[in-house]
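In: take a look and give me a structure for this.
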Amino acid sequence: MPRPIAHSAPVPAPVDKVHAALVSEQYWKDRIEQIGGPGAQLVSVTAINGTISVVITQTVPEEELPAAVTAFKKGPLIIERTESWGPLGGGRAEGKFGATVDGAPATISGTTLLEGDDTSSTMSLSGTTEVKIPLFGSKIEAMISEQVLGLIDNEHDFTGNWIAENLG
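Out: Here you go, the predicted model:
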């Protein structure tokens, strides 16, 4: 059964600057380089009229995986992530995110929301993690959800810092 995930975090920047970062190809190049991890790649970026769709691959080495994962998947986990953001209007922009694990029945999907004003912003997400493995699925879902939320915290921190350095 899918496990719900939800997260919300402030970004200490005006909503228009946060959105400008999120729809910037350079932001994604810098983000994957600085916090993407070993073997991370920016596979594709499609930016049109204040919107963006991004595909990223990230690798988790086998030695960093819990036994519950290595029991069904040998070798590193290769994760393909997608993220898209729509246009900014009325102090808000909506988006979508997703992730799949190569060779494993695990998916994450959901929606994102950027809201704010001239002084601060909030980025939030709502979605589900699902691992279709009998007996172990819920345990792995919990681990994936925890890892994803930690990763999102790092990405939000990166976003605030990137804006200060590049759009400040």
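
In: what pLDDT, on average, does the helix or strand harbouring V54 get?
Out: Element membership for V54 (DSSP states H and E) is strand 51-60. In this model, strand 51-60 has an average pLDDT of 93.

In: would you report the backbone torsion angles of the residue nearest to P87 when sequence neighbours are not counted?
Out: Excluding the flanking residues, the one nearest P87 by CB to CB, 6 or more residues apart in numbering is G50, at 4.5 Å. The way it works is simple: take the backbone N, C-alpha and C, and place the C-beta from them, glycine included. Here the main-chain torsion angles of G50 (degrees, to the nearest 10) amount to phi 80, psi 20.

In: what do you get for G95?
Out: The phi/psi pair for G95 (degrees, to the nearest 10) reads phi -150, psi -180.

In: tell me the contacts of the residue lying closest to W85 once chain neighbours are set aside?
Out: Once flanking residues are discounted, W85 sits nearest to G95: 4.1 Å by CB to CB, 6+ apart. Remark: with contacts taken as CB atoms under 8 Å, 6 or more residues apart in numbering, G95 is in contact with 22, 83-86, 111-114.

In: can I have the buried ones of those residues as a ChimeraX selection?
Out: If you want just the buried ones from the contacts of G95 in ChimeraX, going by 16 or more other CB atoms under 10 Å, the selection is:
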select :22,83,84,85,86,112,114
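
In: show me the contacts of G95 that map onto helices.
Out: L22 (DSSP state H).

In: now the two most distant members of the contacts of G95.
Out: By the measure CB to CB, L22 and T111 form the most distant pair in these, at 14.3 Å.

In: count of neighbours near I48?
Out: 9 (other CB atoms under 10 Å).
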